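Trainee: Provided below are the primary sequence and the corresponding predicted coordinates.
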Amino acid sequence: MKLQANALVGLSGIGLVLVVALVGTLASPYGALETDFLNRFAAPSASHWFGTDEYGRDVFARVAAGSFVTLRVSLAAVALAVAAGALIGATSAYFGGWLDRCAMVVVDSIMAFPGLLLVLGIMAALGPNESGVVFALAIAYTPPITRVVRSAVYATREKEYVVASRIIGNGELTTLFRHVLPNCITPVIVISTSVFTAAVLSETALSFLGLGVPPPAPSWGSMLADSRNYLGLNPWIAVFPGIAITVTLLSINLIGDALRDRFDLRMSALEKPA
């Protein structure tokens, strides 16, 4: 029951964010970059649902456009991190030896740095741009996925079906990608939700610091940064992007909890009646 409730609330939250994004992009009469200096700091109303900012831009349209920026960057970074982590973790664990040792030295070296600090360092070198953000986030979040995949492959590589695949003449790469990796998908799915949450938060932090997607493209972090000088009299400029960030992170975490409870055998055993 708890699992179903978490999943339902999480999916509802993500659905709400996507609906706002679609409505704000397709149905709003205002563009995210459209300025109207005669309507600066307009309070939320029927004309401007979320009010306007210091340049008269519609906050609803900007929150909607920012959702696509944040989610697009975070999803691309997670996809790249999962692909790299799965490849490195699977090959290093399956073949072992010097390959495993070298891979783990690199992974441990990256993990020695706090994730956000590492991303900030990479972005300081690359400069603010969308592809740089994706690349930096992918580097920061590849190591935890690598370790999860490595552990799963270690537990799988001596299973009977893997040994049988070798006996019938399949090559090592065929056995790895056809029989070992598909049976390691579950832990990857579970950790991907955690990594996605961290990626959304990191992208928002980078945009807040001016190292994310460069303006004039709207993003939730840059909207929060721009609103700092107007919080006292015009709080809606920060409130609505803040709500969008909160709902997104909470929804992803709830979905991740539901997936973990669904696939974790120990949690499933605890929930079964005696």
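Mentor: Nice, I can see it.

Trainee: Any idea how many residues pack against Arg101?
Mentor: 10 (other Cβ atoms under 10 Å). Where C-beta positions appear, they are placed from N, C-alpha and C, glycine not excepted.

Trainee: where does it fall, phi/psi-wise?
Mentor: When quoted as degrees, to the nearest 10, the phi and psi of Arg101 stand at phi -60, psi -40.

Trainee: secondary structure class for Val69?
Mentor: Assigned by DSSP: H, G, I helix; E, B strand; the rest coil, the conformation of Val69 is helix.

Trainee: what distance separates the helix or strand containing Ala238 from the middle of the whole chain?
Mentor: Assigned by DSSP states H and E, Ala238 belongs to helix 236-263. Here helix 236-263 shows a centroid-to-chain-centroid distance of 11 Å under the convention Cα atoms, centre = their mean, to the nearest Å.

Trainee: Which of the residues in that helix are classified as buried?
Mentor: Using 16 or more other Cβ atoms under 10 Å as the test for burial, helix 236-263 gives 236-242, 244-245, 247-249, 251-262.

Trainee: now stretch 46-58
Mentor: For stretch 46-58, by 16+ other Cβ under 10 Å, it's 48-53, 56-58.

Trainee: show me where pLDDT drops low in the protein?
Mentor: 1-3, 263-274 (pLDDT under 70).

Trainee: if you skip the residues just before and after it, what's nearest to the residue nearest the centre of it?
Mentor: Central residue of the chain (Cα atoms, centre = their mean): Phe196, 2.2 Å from the mean position. Nearest residue to Phe196 in three dimensions, chain neighbours excluded: Val78, at 4.9 Å (Cβ to Cβ, 6 or more residues apart in numbering).

Trainee: Next one: that neighbour relative to Ala152, how far apart?
Mentor: 18 Å (Cβ to Cβ, to the nearest Å).

Trainee: same thing with Asn234?
Mentor: 50 Å.

Trainee: same deal with Arg101?
Mentor: For Arg101, the distance to Ala152 - Cβ to Cβ - is 19 Å.

Trainee: Next: Pro241.
Mentor: Counting by Cβ to Cβ - Pro241 and Ala152 are separated by 37 Å.

Trainee: In CSV, please show the C-alpha coordinates belonging to stretch 204-223.
Mentor: C-alpha atoms of stretch 204-223 as CSV (Å, rounded to 0.1, in the frame of the first residue of the first chain):
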residue,chain,number,x,y,z
THR,A,204,19.8,24.3,-10.4
ALA,A,205,22.8,25.2,-8.2
LEU,A,206,25.0,25.8,-11.3
SER,A,207,22.4,28.0,-12.9
PHE,A,208,21.9,29.9,-9.6
LEU,A,209,25.7,30.5,-9.5
GLY,A,210,25.8,31.6,-13.2
LEU,A,211,27.6,28.5,-14.4
GLY,A,212,24.7,26.6,-15.9
VAL,A,213,22.8,27.1,-19.2
PRO,A,214,23.6,30.7,-20.2
PRO,A,215,20.9,33.4,-20.5
PRO,A,216,18.6,34.4,-22.0
ALA,A,217,17.5,30.7,-21.7
PRO,A,218,15.4,30.5,-18.6
SER,A,219,16.1,27.9,-15.9
TRP,A,220,14.8,27.5,-12.4
GLY,A,221,18.2,28.2,-10.8
SER,A,222,18.8,31.4,-12.7
MET,A,223,15.2,32.6,-11.9
